[in-house]
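Visitor: structure for this input, please:
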Amino acid sequence: MDSCDVLIAGGGPAGSACAGKLRQAGLDVIVMDKASFPRDKVCAGWITPQVVEDLAFDVDDYRVGRTFQPITGFRVGLIGVDDALDTKYERPVSFGIRRCEFDNYLLRRSAARLLLGSPVSKIQRDGSHWIVNESVRASMLVGAGGHFCTVARMLAGSTDRAAVIAAQEVEFPMGPTERACAIAEEVPELYFCQDLKGYGWCFRKENYLNIGFGRLDAKALPKQSAEFVDFLKATGRIPRDGSWRWKGHAYLLAGDTGRPPVADGVVLIGDAAGLAYPQSGEGIRPAIESGLMAASTIVAARCTYTRDRLEAYERDLRKRFGESRIAGMLERAIPSGFAVAAARRLLASPLFVRHMVLDRWFLHARQPGL
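Guide: Numbers count the residues shown, from 1 in each chain. The predicted structure follows:
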């Protein structure tokens, strides 16, 4: 049986960020993931300058052979309404990345030992240690496996009640027809549903086009995502003859998930803890920051991984993401019964779109990096 100080179940941005910081502190870390990396992970995929800062990211190194698309503006509107608002910034406020490249880069950079193609299927407690898949013995266990994380489900049991966003996305290399589309490279486009319970996006990342749609009501997802694509074609945003096969996934919104982020010898990070921003569904930044915060707590615990020594992480989460848990989605800013009319009015306001929708809800520009 192999052994390590910390086993991280999940090799995405949360797990990689946590592993890298733990390795810097000298801990022996194993990252276990059911996927083999690089993996196909469809995602709108942009990171803010704060994420670059948090990761001490070498942008010049990352750019070599990888997509890194500066974003200097957004186009925001309502699905079905051919009147969107363009917002420009003087400098890049975010950067488009491809998750298949980004996740693999972070995982390899972490310097952790990797057990890839190995799903976590069995977890047992043995005194003060964990036995995973009857093959790895670890003093500390980190759940970083996303919405369906085995570690998170073990902790939550029957109390798992998190709000789930269902999404359909596709990302593909652009041919000559797609390159001629109306979407600008540095300006992702965001279109809200008229009932304000979801939104779609269209995002050009250098040589790739990413299209997606997500909403809280999973039953309405297929119909409304089809309506969103028809809207993009009718308004000339994408080619009329374009077709593809959607890839679906789900993720948790920050809030009362029923998943305790801390227990004896265990912490949950990223989407396993339900940390995606509720206003936008964006999860890369909270995943990375939670991974870094968890690593700091684990190092400070000095090999005594009892709940009381790990509770500092839960307090840090509450302090860092508390505002996101209280704030609502766009619909909460609009009086019931006046959604469409009020949404049109608000989304036509340059000040509201820039300072509330973009700066606060999507970019979290006012919150500095860790």
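Visitor: CA atoms for contacts and neighbours, from now on please.
Guide: Noted.
Visitor: scan the chain for its longest helix.
Guide: Under DSSP state H, the helix in the chain containing the largest number of residues is helix 307-326.
Visitor: flag every buried residue along it.
Guide: For helix 307-326, the neighbour count (16 or more other CA atoms under 10 Å) marks Arg309, Leu310, Glu311, Ala312, Tyr313, Glu314, Leu317, Arg320, Phe321, Ser324, Arg325 as buried.
Visitor: quick check: Arg137 is in a strand.
Guide: Yes. Assessed by DSSP: H, G, I helix; E, B strand; the rest coil, Arg137 belongs to a strand.
Visitor: now it: how far from Val229?
Guide: 48 Å (CA to CA, to the nearest Å).
Visitor: what do you get for Cys202?
Guide: Separation of Cys202 from Val229 (CA to CA): 10 Å.
Visitor: tell me which of the two has more neighbours.
Guide: Cys202 (26 against 23; other CA atoms under 10 Å).
Visitor: quick one: that one is in a strand?
Guide: Yes. According to three-state DSSP, Cys202 belongs to a strand.
Visitor: dump the residue contacts of it.
Guide: Ile183, Pro188, Glu189, Leu190, Leu209, Asn210, Ile211, Gly212 (CA atoms under 8 Å, 6 or more residues apart in numbering).
Visitor: now do the SS call for the closest residue to it other than its chain neighbours.
Guide: Distances taken as CA to CA, 6 or more residues apart in numbering place Ile211 nearest to Cys202, at 4.6 Å, with adjacent residues excluded. Following three-state DSSP, Ile211 is assigned to strand.
Visitor: give the bridge partners for Ile211, please.
Guide: Val170, Cys202 (DSSP bridges).
Visitor: now the buried residues of helix 307-326 as TSV including pLDDT and distance to Ile238?
Guide: Listed next are the buried residues of helix 307-326 as TSV, based on pLDDT from 0 to 100; distance: CA to CA, whole Å:
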residue	pLDDT	distance to Ile238
Arg309	96	53
Leu310	97	49
Glu311	95	49
Ala312	96	48
Tyr313	96	44
Glu314	94	44
Leu317	92	40
Arg320	90	38
Phe321	83	36
Ser324	42	33
Arg325	38	35
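Visitor: related to what we said a few turns ago, for the longest helix of the chain, packing partners?
Guide: strand 262-263, helix 284-301 (3 or more CA pairs under 8 Å, 6 or more residues apart in numbering; DSSP states H and E).
Visitor: contact partners of it?
Guide: So helix 307-326 is contacted by 254-255, 261-265, 267, 275, 277-279, 290, 293-294, 297-298, 301 (CA under 8 Å, 6+ apart).
Visitor: I figured Glu171 was touching Val42, is that so?
Guide: Yes. The pair Glu171 and Val42 passes the contact test of CA atoms under 8 Å, sitting 6.5 Å apart.
Visitor: backbone dihedrals for the residue nearest to Ala218 when sequence neighbours are not counted, please?
Guide: In space, and not counting its chain neighbours, Ala218 is closest to Ala166: 5.5 Å by CA to CA, 6+ apart. When read as degrees, to the nearest 10, the backbone of Ala166 gives phi -100, psi 140.
Visitor: how far away is the residue nearest to Cys202 from Thr72?
Guide: 19 Å.
Visitor: looking at those two, which one has more neighbours?
Guide: A side-by-side neighbour count of Ile211 and Thr72, using other CA under 10 Å, places Ile211 first with 23 against 18.
Visitor: show me the contacts for Asp40.
Guide: Arg99, Cys100.
Visitor: what does whichever strand or helix holds Glu101 contact?
Guide: Assigned by DSSP states H and E, Glu101 belongs to helix 99-109. Residues outside helix 99-109 that contact it (CA under 8 Å, 6+ apart): 11-13, 16-17, 20, 37-43, 45, 66-67.
Visitor: what do you get if the cut-off is 10 Å, keeping everything else the same?
Guide: 11-17, 19-20, 31, 36-46, 55, 57, 62, 65-68, 97, 110, 113-114, 284 (CA atoms under 10 Å, 6 or more residues apart in numbering).
Visitor: shouldn't Ala112 be in contact with Asp5?
Guide: No. Taking contacts as CA atoms under 10 Å, Ala112 lies outside contact range of Asp5: 11.2 Å.
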